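> Take a look and give me a structure for this.
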Amino acid sequence: MLKDKLIAHNIKLLFDTKHYAFFSKGDFNLNIIGVRGDNRKANKFDDNLFCIYKSKGEWFADNYKITTDAGTHWLKNPMNDKGCAILKCNQFRGAYQLGLHKGQYTALVQRKEVEVYRDNDWDGMLDMNEENIEKGIFGINIHKSNPRTESFNVDKWSAGCQVFKKKSSYDKFIRTCEKAKNMWGNSFTYTLINENELI
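Numbering: from 1, shown residues only. As a prediction, this is how the structure comes out:
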């Protein structure tokens, strides 16, 4: 598990510089970290989610393909008149809990305020302008895409949520979250960073 230990160490160093919390006490005390890729192309699962934790004292760094951005459908046809939501990079302490996504299946659902950019030009491109930031509870959940296998394009799967590409990856992630809930309670911190911050 040397690679996982090194990943945990490097993430902790970054978090220390940003004054973010990094959870290292006990087993299944999860650090859930979205890494927004440098590509910045809409409609692709080109981002990553790391779930970093200890189990029996050993570090694990599970890595999953996700999107941290909305699909082109919602960029062009936003649900909100202010524009489509794109989650802003930040640490959102205790902002998530296990619940039901749209009342349908277990997911990490937003329970505290987060910050989003409002992409309001409806051109299908990802725009993250500092003057268009809004804070609130918008249903920015962490959930799956294709309910059976995997998805290759984001399309309608995300209107701002953090969405897993593969069902099998998502199922493993949720099982890990359920173990964490049993040990630490139903409160999860989500941190979103840019890929270039890891260099």
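
> so the spatially closest residue to K88 that is not a sequence neighbour, which of the three states?
What sits nearest to K88 in space, not counting adjacent residues and going by CB to CB, 6 or more residues apart in numbering, is E115, at 4.2 Å. Bear in mind the C-beta positions are built from the backbone N, C-alpha and C, glycine included. Secondary structure for E115, judged by DSSP: H, G, I helix; E, B strand; the rest coil, is strand.

> give the contact list for E115.
Contacts here follow CB atoms under 8 Å, 6 or more residues apart in numbering; on that basis E115 touches 87-88, 90, 133-135.

> So which bits of the helix or strand that contains Y64 are buried?
Taking DSSP states H and E as the criterion, the element that holds Y64 is strand 58-67. Neighbour-count burial for strand 58-67, counted by 16 or more other CB atoms under 10 Å, picks out 59-62, 64, 66-67.

> so who does F138 touch?
80, 85, 110, 114, 116, 160.

> of those residues, buried ones?
Judged by neighbour count, with 16+ other CB under 10 Å as the criterion, the buried members of the contacts of F138 are 85, 110, 114, 116, 160.

> The last one reaches R118, doesn't it?
No: at 9.7 Å, G160 and R118 do not qualify as touching, with contact defined as CB atoms under 8 Å.

> any common contacting residues for these two?
Overlap between the contact sets of G160 and R118, as judged by CB under 8 Å, 6+ apart, is given by 84-86.

> need the residues you listed in TSV with distance to I140, can you?
Conversion of these to TSV gives the following (distance: CB to CB, whole Å):
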residue	distance to I140
C84	12
A85	6
I86	10
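
> Return the closest of these with respect to L14.
When the shared contacts of G160 and R118 are ranked by distance to L14 (CB to CB), I86 comes first, at 21.5 Å.

> Apart from its chain neighbours, what residue comes closest to that closest one?
For I86, ignoring the flanking residues on the chain, the nearest one in space by CB to CB, 6+ apart is Y117 at 4.4 Å.

> Spit out the contact partners of the one you found.
Counting by CB under 8 Å, 6+ apart, Y117 has contacts 85-88, 127-129, 132-133.

> are any of these buried, and which?
The neighbour-count test (16+ other CB under 10 Å) marks 85-88, 127-128, 132 as buried among the contacts of Y117.
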